[in-house]
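In: sharing a model that was predicted from the sequence below.
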Amino acid sequence: MKHRGAKTLKASLAGLAVGLAAAGQGAHAQTPSSIPTAPPSASLPAAASAQALEAIHAGHVIDPASGKVLDDQIIVVQGRRILAIGPAATTETPTGAVLIDLSRATVLPGLIDVHVHLTANPQDGGAQSLTISSAQEAITGVANARRTLLAGFTTVRNVGAGGFTDVALRNAIDKGEVAGPRMQVSGPPLGATGGHADENLLPWEFHFRDEGIADGPWELRAKVRQNIKYGADLIKFMGSGGVLSHGDSVGGQQLSQEEMNAIVEEAHMWGKKVAVHDHGTEAIKTAIRAGADTIEHASLIDDEGIRMAKAKGTWLDMDVYDDDYILAEGAKNGIEPASMDKERQVGRLQRENFRKAHQAGAKMGFATDAGVYPHGWNAKQLKTMTLWGMTPMQAIAAATVSDAEIMGWSDRVGRLAPGYYADIIAVDGDPLADITLMQTVSFVMKDGVVYKSDGKAR
């Protein structure tokens, strides 16, 4: 959490089966979009009757991959996946399909957030964090997963949790025991003794050391292996200090080049991506040189760092909404005065550097640090991104196709196309004219199951 935080979550991801549906792969010649659609008057395969069928009549469909809006579309859902999508005039609605009328709404792919902490709440800041057990974190995660899903975020990446509670949460969601977004999880974040991933509020006599703490390349390699052993889908480490951690400099580098190299090399050897918490100018460059896949926060990145990120294809995940919430509510939530001062140091600069990075053409994800602010508010950041340089379509693309690429799931989420998971949301009105409409999603489907309709949770 802008780690920004003291405690976080856990991770591991059961591999999702991906077999794409064979039907509906042809693109209609008259459709002005890159969305693969059903052929005109196509007959759906007999296999369609083997699973539950739903047909969504969408008034407008936003395709973030092409940047286009399609009017009057039919989306056919079979089981967990999209079977076909195309113009209502030429796309067959299967006999017996459950009809869902969204003809007055704007329909989009389910949203994605690649930086959340579902097992944490913002009111548990500062010394209050010492009272939160792993059992409580797990329960908190269940509640926050549901809030996040109902807000239209059907996929998330949980980057930091204690006790591998995020792994347990992910697994429970995958089994259908808990309602929530599909997850990738990191488990405990890795970091240096006394650094941002360590708990520095307790005095020496407790001899406490957080579970992801290690010093030196080989100790850190061992921690990477430990996280993977217990279910992590990716590795998260702390390259610099943080806003909400006690006693460190927000931009100060906390791991050497050799240590970062070891973490990234080990993770990549095991086929895992690496997300790096980094506010500091030099720490960001060190992580990019090491080959990190994403830089989280990137608050104090300079022009050289932006050029390096572009050259290496490194994603920048900048949580530009948080500053509003922390400055307004942080003191009431128990955040230390020193941490409030650190937020004042980086908040405005992060937003200015977000604009610079976007204008320079750097790869930008949608990452909010949810848990620093209340879960379910994720879409508030879309507005902030438009205030600092993105168009509404670019912001929506960051929260769909870009985040899908970051997660390595471009073949299954982030788009409305045949073979993709039936993760479908809708809003009333035009979010390209008013991006704040994304904060009041009226319809949510995940894996072909409707969790929210007419603005009400099911």
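Out: Right, received. Where do you want to start? Numbers count the residues shown, from 1 in each chain.

In: domain ranges for the protein?
Out: 46-108+416-457, 112-406 (automatic domain parsing).

In: in the helix or strand containing N353, which residues are buried?
Out: Following DSSP states H and E, the helix or strand that holds N353 is helix 337-360. If you call a residue buried by 16 or more other CB atoms under 10 Å, then helix 337-360 has these buried ones: 339, 342-343, 345-347, 350-351, 353-354, 356-358. From N, CA and C alone the C-beta is placed, and that goes for glycine too.

In: and the two most separated of those?
Out: Spanning the widest gap among the buried residues of helix 337-360 are S339 and H358, at 27.4 Å by CB to CB.

In: as TSV, the buried residues of helix 337-360 with distance to Q439 and pLDDT would be great.
Out: Converted to TSV, those look like this (distance: CB to CB, whole Å; pLDDT from 0 to 100):
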residue	distance to Q439	pLDDT
S339	27	85
K342	28	87
E343	23	90
Q345	28	90
V346	25	92
G347	21	92
Q350	21	97
R351	19	97
N353	25	98
F354	20	98
K356	27	98
A357	24	98
H358	21	98
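
In: in CSV, list these along with distance to N333.
Out: Conversion of the buried residues of helix 337-360 to CSV gives the following (distance: CB to CB, whole Å):
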residue, distance to N333
S339, 10
K342, 15
E343, 12
Q345, 19
V346, 18
G347, 16
Q350, 20
R351, 21
N353, 26
F354, 24
K356, 30
A357, 29
H358, 30
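
In: circling back: please work out which of the domains of the chain is packed deepest.
Out: Stretch with highest mean neighbour count among the domains of the chain: domain 112-406 (a mean of 22; mean count of other CB atoms under 10 Å).

In: do you know how far D434 is from I62?
Out: According to CB to CB, to the nearest Å, D434 and I62 sit 13 Å apart.

In: my guess is V98 contacts I56, does it?
Out: No: V98 is beyond contact range of I56, at 9.5 Å (criterion: CB atoms under 8 Å).

In: so where do the helices sit in the protein?
Out: Read by DSSP state H, the chain holds these helices, from start to end of the chain: 134-150, 165-174, 217-229, 257-269, 281-290, 303-312, 322-329, 337-360, 380-387, 392-397, 403-406.

In: other SSEs contacting the last one?
Out: In terms of contacts (3 or more CB pairs under 8 Å, 6 or more residues apart in numbering; DSSP states H and E), helix 403-406 is packed against strand 111-116, strand 153-158.

In: check the second one too.
Out: Judged by 3+ CB pairs under 8 Å, 6+ apart, the packing partners of helix 165-174 are helix 134-150, strand 153-158, strand 182-185.

In: run through who's touching the first one.
Out: Helix 134-150 is touched from outside by 7, 9, 113, 116, 118-121, 132, 156, 161-163, 165-166, 168-169, 172-173, 178-181, 370-371, 374-376, 378, 441, 444, 446, 451-452, 457, with contacts defined as CB atoms under 8 Å, 6 or more residues apart in numbering.

In: tell me how far stretch 72-83 lies from the chain's centre.
Out: Stretch 72-83 has its average C-alpha position 24 Å from the chain's average C-alpha position, going by CA atoms, centre = their mean, to the nearest Å.

In: now do the end-to-end distance for it.
Out: As for stretch 72-83, its first-to-last residue distance stands at 17 Å under the measure CA to CA, to the nearest Å.

In: again with stretch 433-451
Out: Using CA to CA, the two ends of stretch 433-451 sit 26 Å apart.

In: what's the answer for stretch 234-251, then?
Out: Using CA to CA, one end of stretch 234-251 lies 24 Å from the other.

In: average pLDDT for it?
Out: Along stretch 234-251, the predicted confidence averages to a pLDDT of 89.

In: let me know the closest of the buried residues of helix 337-360 to H268.
Out: The shortest approach to H268 among these belongs to A357, at 24.0 Å (CB to CB).

In: quick check: that closest one touching T314?
Out: No: the pair A357 / T314 is not scored as a contact, 10.7 Å apart, by CB under 8 Å.
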